[in-house]
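Novice: Give me a 3D structure for the following:
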Amino acid sequence: MKKHLFLLLIIVASIGVALGQDAIDSMVKLYPSQKGVEKAKTLSELCFYTSYSDLDASLNYGKLAYETAVLAGDSNIVSRTLSDWSVPHLRLGKYDSVIILNQLVLDIEMPEGDSVQVAASLNKMGLAEASRGNNQKALVHYTRALAIFKEENIQVYVGQILACMGNIYDSNKMYELALDYYQQAEKIASETDDINGYITAVNNQGHVLQELKRYREADLKLKEANGILLQQNNNPRALGLSYQTLGLNALYENKAEEGLKYYRKAIKIFSDLDDPEGLSSINLNLGYWFLDKGDSDSATFHMNAALQSAKATNSYTQLQSAYKGLVSLESLNGNYAKADEYFKLYELYSDSIYNSETNQAIADMQVKYETEQKTQALKQEKLKRKNAQLWLVVAAVSVALLLFFSLFIRHRKKLSEERLKLESLQSLENERVRIARDLHDNLGADLTVITSKIDIQAFKQNDPNYKKDLETISEISKSANAQLRDTIWSIHKSSLNLGELSSKISDYARRAFDEKNTAVVVNCSDKQYSIQPSKALHLFRISQEFLNNSLKYANATKITIDISPTELVAQDNGVGFDEKQVKRGYGLNNISERVSEIEGQLVWRQLNPGISLTVTY
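Specialist: So this is what the prediction gives:
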């Protein structure tokens, strides 16, 4: 079953506990008699608190608050009103407006040096980008906000940012890493009495445990969060998300009646809140579930309901997901013309996401550069003041202290060099993870969609020759996707072991020699021995090339590959060849180049019958 679950998100420095209606009514009566900054503050609070219950009123209060603050001429209150005004926009799925409003906050607050307000706006921008599917941009915003909150030692916000970062890893299927972030967030929320942060962390742990197929553990976590929300009775949207997650978990456990009961509760809450984002997510879940169960009519109803809600949010990501689901539904129903129509719309929103990201890239890089420059300037100023004080002390002390200071500087320089080295390594590690994720989410997904599109076209063709050509192209696309997965396998981890490498070679051999009269045996002497991912990929490709050559030219009936911590030996019982006499094609050159890349040694040996290859590394 496909999963389209919007995680329980929070807004740092904005959404806390909903204010009682009496307090809201009191502020509504108060603000007309106020003036200037005080009036702007009251309107800004009304904007924030009514975002729970009346989004139209919230938007209106935000606009009035901003206009009043501008007339008052107070830049601090202007930035505060902009920040609060972005909250109802976020709730309504108007993510472009959220980005614009909080970028204005950054323009005001960064010259003023208000790091906490900067971090709060960075977090809202992260939430907006994550909701639009721009996970990389969201992670950049979260990371910058987290650094500020840690420096200011505001633990409650540190925990909330960790939960948001866990959402990113969760959505990218890095579940163990996401679970670690959620557990850190739960610990901090418990220590700081942040009840909303605690609910978020616990609920999202339940979601990750679902993905890890640990359904009973997930059920305990989800019911704990749901129980707290029912006791609070002041955050209906969070309760709706909680019911949605409980429903999904029940369906995973094949408790259909219980799961649909939870979903009906969630749909009622989101309908009462007029929340299209929540309704789109739930209907997509139900649409895929009914599709898996073979109930085409119910699947069609929920898929179309999801599409209508997605149109209301104008979220490219949700629209893309809805059209993708309808492509699958109509293809399975045999409605290929309709599937083709939905596929074109799916492509349209894929292009829209790409264009949106491209147009924002230069502006985002400029903001990042200016933010980092100004942050470094503040740190340099603090460092200058500390150094001035240090030199005054040095001038008054003895030669012995001067010597001590010299040693201290050298030690500090060494620590700084080590820190820079670690930061560089971490940067490379982050880039490796990003590349693996992008290959999986973008290129891998596109190849899958391309293959589906080709299969649809092949089905519709009456010309047998053209149909055969399309089927050939489809097989090539599937092969490219398999090779891509092989590459992602080697770079998505910081280390691998020989057991994983041997399993990968065995899997490839099973695919390559399916229905062939050739036995392939892969042996590994030390399965737990760690190996660098880059070296593992080269050894895998060398083995792959040897297997392909044996398959195409050697007429071998048996191939053996032995892997140890120091060498890889591959041999077959085929016709063999003289490595010095044979014309060197791409395959042999590719093997030689890969051996050179790992600084290894390559030896070919003639057997009777067959040939062997030994790579020492």
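Novice: Now Ile611: phi and psi?
Specialist: Per-residue torsions, Ile611: phi -150, psi 150 (degrees, to the nearest 10).
Novice: Apologies, that question was intended for Gln528.
Specialist: Its backbone dihedrals place Gln528 at phi -90, psi 0, with angles given as degrees, to the nearest 10.
Novice: What about it, how many residues nearby?
Specialist: Summarising burial for Gln528: neighbours were counted as other CB atoms under 10 Å, giving 8. Placement of C-beta: from N, CA and C, glycine included.
Novice: do the same with Lys41
Specialist: By the measure other CB under 10 Å, the count of residues near Lys41 is 22.
Novice: next one: Gln117
Specialist: When counting by other CB under 10 Å, one arrives at 23 neighbours for Gln117.
Novice: pretty sure it contacts Ser79?
Specialist: Yes - counting by CB atoms under 8 Å, Ser79 is a contact partner of Gln117 at 6.1 Å.
Novice: what residues are shared contacts of these two?
Specialist: Where contact means CB atoms under 8 Å, 6 or more residues apart in numbering, the residues bridging Gln117 and Ser79 through contact with each are 105, 109.
Novice: ok so Ile559 is a strand residue?
Specialist: Yes - counting by DSSP: H, G, I helix; E, B strand; the rest coil, Ile559 is part of a strand.
Novice: list the contacts for it?
Specialist: So Ile559 contacts 509, 518-521, 546-547, 550, 570-572 (CB under 8 Å, 6+ apart).
Novice: Flag every buried residue along stretch 292-312.
Specialist: With burial defined by 16 or more other CB atoms under 10 Å, the residues of stretch 292-312 counted as buried are 299-300, 302-307, 309-310, 312.
Novice: actually stretch 103-122, not the one I typed
Specialist: 103-106, 108-110, 114-122.
Novice: same deal with stretch 250-258?
Specialist: Within stretch 250-258, the residues that count as buried by 16+ other CB under 10 Å are 250-252, 255.
Novice: Out of those residues, give me the two with the largest separation.
Specialist: Tyr252 and Lys255 (8.6 Å; CB to CB).
Novice: Now Ser506: closest residue in space that isn't a chain neighbour?
Specialist: Of all residues not flanking Ser506 in the chain, Val522 sits nearest, at 4.7 Å (CB to CB, 6 or more residues apart in numbering).
Novice: what's near enough to touch that neighbour?
Specialist: Val522 makes contact with 502, 505-506, 509, 560-561, 563 under the criterion CB under 8 Å, 6+ apart.
Novice: one more time with 10 Å
Specialist: Residues near Val522 by CB atoms under 10 Å, 6 or more residues apart in numbering: 501-509, 543, 559-563, 570.
Novice: That one - that's part of a strand, no?
Specialist: Yes - read with three-state DSSP, Val522 is one of the residues of a strand.
Novice: any idea how far it is from Pro533?
Specialist: To Pro533, Val522 is 19 Å away according to CB to CB, to the nearest Å.
Novice: ditto for Ser495
Specialist: 7 Å.
Novice: do Lys338 as well
Specialist: Relative to Pro533, Lys338 is positioned 44 Å away (criterion: CB to CB).
Novice: if we can go back for a sec, what touches both of Tyr252 and Lys255?
Specialist: Taking CB under 10 Å, 6+ apart as the contact rule, Tyr252 and Lys255 both touch 215, 219.
Novice: For Tyr198, state which of the contacts of Val522 is nearest.
Specialist: Top of the list for closeness to Tyr198, among the contacts of Val522 and by CB to CB, is Ser503 at 40.2 Å.
Novice: What is the burial count for Val208?
Specialist: Neighbours of Val208 using other CB under 10 Å come to 26.
Novice: next one: the one 4 residues further on
Specialist: Close neighbours of Leu212, defined as other CB under 10 Å, add up to 14.
Novice: Hmm, Met174 and it touching each other?
Specialist: No - contact criterion CB atoms under 10 Å: Leu212 and Met174 do not qualify, at 11.6 Å.
Novice: sorry, back to before: return the subset of the buried residues of stretch 292-312 lying in helices.
Specialist: When DSSP state H defines the helices, the subset of those inside them is 299-300, 302-307, 309-310, 312.
Novice: May I see these organised as CSV, with distance to Ser328 and pLDDT added?
Specialist: Converted to CSV, these look like this (distance: CB to CB, whole Å; pLDDT from 0 to 100):
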residue, distance to Ser328, pLDDT
Ala299, 9, 87
Thr300, 12, 89
His302, 13, 90
Met303, 9, 87
Asn304, 14, 90
Ala305, 16, 89
Ala306, 13, 87
Leu307, 13, 88
Ser309, 18, 86
Ala310, 16, 84
Ala312, 22, 82
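Novice: can you name the two of the residues you listed that are farthest apart?
Specialist: By the measure CB to CB, those have their two most distant members at Ala299 and Ala312, which lie 20.8 Å apart.
Novice: Buried residues, the strand or helix carrying His141. List them.
Specialist: Secondary structure assigned from DSSP states H and E places His141 in helix 135-152. Of all the residues in helix 135-152, those buried under the rule 16+ other CB under 10 Å are 135, 137-142, 144-149.
Novice: which one of these sits closest to Ala189?
Specialist: The closest of the buried residues of helix 135-152, once distances to Ala189 are taken by CB to CB, is Phe149, at 13.8 Å.
Novice: what's the spacing between the closest one and Thr192?
Specialist: Phe149 is 12 Å from Thr192, by CB to CB.
Novice: intersection of neighbour lists for those two?
Specialist: With CB under 10 Å, 6+ apart applied, the overlap between the contact sets of Phe149 and Thr192 consists of 155-160.
Novice: Most neighbours of all those, which one?
Specialist: Neighbours here mean other CB under 10 Å. Within the shared contacts of Phe149 and Thr192, the largest count is held by Gln160, at 30 neighbours.
Novice: Which pLDDT does the model give that residue?
Specialist: Among the per-residue scores, Gln160 holds a pLDDT of 88.
Novice: so it sits right up against Asp194, yeah?
Specialist: Yes - distance between Gln160 and Asp194: 7.2 Å, which falls inside the contact criterion (CB under 10 Å).
Novice: Tell me where the stretch 451-600 of the chain has helices.
Specialist: With DSSP state H, counting those that start in this stretch as the criterion, the stretch 451-600 of the chain has helices at 464-491, 498-512, 533-549, 586-597.
Novice: can you check the stretch 51-200 of the chain too?
Specialist: With DSSP H, counting those that start in this stretch as the definition, the stretch 51-200 of the chain shows helices at residue ranges 55-72, 75-91, 95-112, 115-131, 135-152, 155-171, 175-192, 195-211.
Novice: tell me what the fifth one is packed against?
Specialist: Going back to what we said before, that points to helix 135-152. helix 95-112, helix 115-131, helix 155-171, helix 336-396, helix 399-438 (3 or more CB pairs under 10 Å, 6 or more residues apart in numbering; DSSP states H and E).
Novice: ditto for the second one
Specialist: Under the contact definition 3+ CB pairs under 10 Å, 6+ apart, helix 75-91 sits against helix 36-50, helix 55-72, helix 95-112, helix 115-131.
Novice: Let me have those in a markdown table, adding mean pLDDT as columns.
Specialist: Written out in a markdown table, the entries for the helices and strands packed on helix 75-91 read as follows (pLDDT from 0 to 100):
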| stretch | mean pLDDT |
| --- | --- |
| helix 36-50 | 92 |
| helix 55-72 | 91 |
| helix 95-112 | 86 |
| helix 115-131 | 88 |
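Novice: Done for today, thanks.
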